[in-house]
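Asker: sequence unknown, structure follows:
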């Protein structure tokens, strides 16, 4: 009788332990493994990095598992409260935030939290819910309202200032607006308007932001100052050659020429030690990650889940593209980590949350079909 009871209990609990999408999980585990190997080398001389990252990974998997068990219907119900709370926290940062390294990005609530990280997920949730309510009878005014919903938190994040996070929120929000059916003519008009507004944007940028753009154009103008980071990271990327210098044998990293080598610039460490061959393998893994996300979005059961899955996938793409472009010297330094590789707890939790959303959408698509 006890054996039958145990089997019955397992049958009831089994769905909660089989929520992980196997292809997506394998890709994420591969990226995390590569990240830990690279972090071990990058963190030589910095004790505790690998151990802390293993703890962060465990927390991210817990968040992923929890979110994967949340139905898309529940996500729709919490979309508006999540957005409102995230905006309220951003306003709290503007009024009472903690200043670190010249930026007001943190809010102390017993511990220091960075509310802008929550907006990376709250924003696409809100916009996906908004367009779901208007599915089938969208008007151009709806896109205007969506743009306002996007502009409010982005403006608060830019004011902190935190251009890297603002860029990620814009990418996630714009992806939802585009996938909702934004016409190509409107898209072209937006790009023209953005290009025309560049002088205005330049005039309101902070001095250090302008310096980053000028350094991108000519890093050799200040090789020992503003251009030092870009010059050293590009040297590391190029010096790896075809096959790299070998694991733990990167000179730029271990002689401490590479800044933030365990976080934003970990790609430079990887490139130096594993070369072009390693970079191609890494890019292939990211292509698989993005492709799996797009596949889940394409097979999503309704408008809300399709938009949400597309936005989460765009977050992954933007993380990888901006980080690699920044380290390679083709984009300004904006402080965006490399997904599932860079050291850090908050960003990894956000990425795990996004993966959980994708797995929930995939899991409930199967349940709807069966």
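Answerer: Okay, I see it. What you see is a predicted model; the values in this text were computed from it and never measured. Numbering: from 1, shown residues only.
Asker: next SSE after the helix or strand harbouring residue 148?
Answerer: Per DSSP states H and E: residue 148 is located in helix 140-158. Downstream of helix 140-158, the next assigned helix or strand under DSSP H and E is helix 163-179.
Asker: Figure out how far that following helix is from the centre of its chain.
Answerer: Between the centre of helix 163-179 and the centre of its chain there are 10 Å (C-alpha atoms, centre = their mean, to the nearest Å).
Asker: how about the strands in the chain?
Answerer: Under the criterion DSSP state E, strands of the chain are mapped to 98-100, 103-108, 112-113.
Asker: from the ones you listed, which stretch is densest packed?
Answerer: Among the strands of the chain, the stretch with the highest mean neighbour count (mean count of other C-beta atoms under 10 Å) is strand 103-108, at a mean of 17. Quick note: C-beta positions are derived from backbone N, CA and C, even for glycine.
Asker: Contacts for that strand next, please.
Answerer: 89, 92-94, 96-98, 100, 112-116, 160-162 (C-beta atoms under 8 Å, 6 or more residues apart in numbering).
Asker: Among those, name the buried ones.
Answerer: Using 16 or more other C-beta atoms under 10 Å as the burial test, the contacts of strand 103-108 include 89, 93, 97, 113-116, 160-162 as buried.
Asker: of all the residues you listed, which two lie farthest apart?
Answerer: Farthest pair in the buried ones among the contacts of strand 103-108 (C-beta to C-beta) is 113 and 161. Separation: 18.0 Å.
Asker: Please spell out which residues along stretch 137-149 are buried.
Answerer: The neighbour-count check on stretch 137-149 (16+ other C-beta under 10 Å) flags 142-143, 146, 149 as buried.
Asker: Pull the residues that contact it.
Answerer: 83, 123, 126-127, 130-131, 134, 173, 176-177, 180-182, 186.
Asker: Would you mind checking the residues you listed for buried ones?
Answerer: Buried among the contacts of stretch 137-149 by 16+ other C-beta under 10 Å: 83, 123, 126-127, 130-131, 173, 176-177, 180, 182.
Asker: ok, so of those residues, who is nearest residue 58?
Answerer: residue 123 (26.8 Å).
Asker: What is the least confident helix or strand in this structure?
Answerer: helix 2-17 (a mean of 58; mean pLDDT, DSSP states H and E).
Asker: Hmm, residue 242 is touching residue 276, no?
Answerer: Yes: under the criterion of C-beta atoms under 8 Å, residue 242 makes contact with residue 276 at 5.2 Å.
Asker: Who has more neighbours out of those two?
Answerer: Per other C-beta atoms under 10 Å, whichever of residue 242 and residue 276 has more neighbours is residue 276, with 15 against 8.
Asker: for that one, what are its contacts?
Answerer: Residues in contact with residue 276 (C-beta under 8 Å, 6+ apart) are 240-243.
Asker: Counting neighbours, which of the residues you listed end up buried?
Answerer: By 16+ other C-beta under 10 Å, the contacts of residue 276 give residue 240 as buried.
Asker: nearest to residue 45, of the contacts of residue 276?
Answerer: Using C-beta to C-beta, residue 240 is the member of these that lies nearest residue 45, at 20.4 Å.
Asker: Next, give phi and psi for the closest one.
Answerer: Main-chain dihedrals, residue 240, degrees, to the nearest 10: phi -70, psi -20.
Asker: Count the residues that sit near the closest residue to it other than its chain neighbours.
Answerer: With sequence-adjacent residues excluded and distances taken as C-beta to C-beta, 6 or more residues apart in numbering, residue 240 is closest to residue 275, at 4.0 Å. A count of nearby residues for residue 275, using other C-beta under 10 Å, gives 19.
Asker: And the pLDDT at residue 275?
Answerer: Note on residue 275: pLDDT of 92.
Asker: And residue 266, by the same measure?
Answerer: Confidence at residue 266, expressed as pLDDT, is 91.
Asker: just the helices in the stretch 201-350 of the chain please.
Answerer: 207-217, 228-239, 251-254, 266-298, 303-328, 345-369 (DSSP state H, counting those that start in this stretch).
Asker: among those, which is the most enclosed?
Answerer: Across the helices of the stretch 201-350 of the chain, averaging neighbours per residue (mean count of other C-beta under 10 Å) puts helix 303-328 on top, at a mean of 23.
Asker: so it versus helix 266-298, what angle?
Answerer: Angle, helix 303-328 to helix 266-298, by axes from the mean of the first three to the mean of the last three C-alpha atoms, to 10 degrees: 160 degrees.
Asker: ok, now how distant is residue 183 from residue 138?
Answerer: 11 Å (C-beta to C-beta, to the nearest Å).
Asker: Touching stretch 160-168 from outside, list them.
Answerer: Stretch 160-168 is contacted by residues 93-94, 97, 103-105, 116-117, 119-120, 154, 157-158, 206, 209, 315, 318-319, 322, 334-336 when judged by C-beta under 8 Å, 6+ apart.
Asker: Not counting its neighbours along the chain, what's nearest residue 127?
Answerer: Nearest residue to residue 127, sequence neighbours excluded (C-beta to C-beta, 6+ apart): residue 176, at 4.0 Å.
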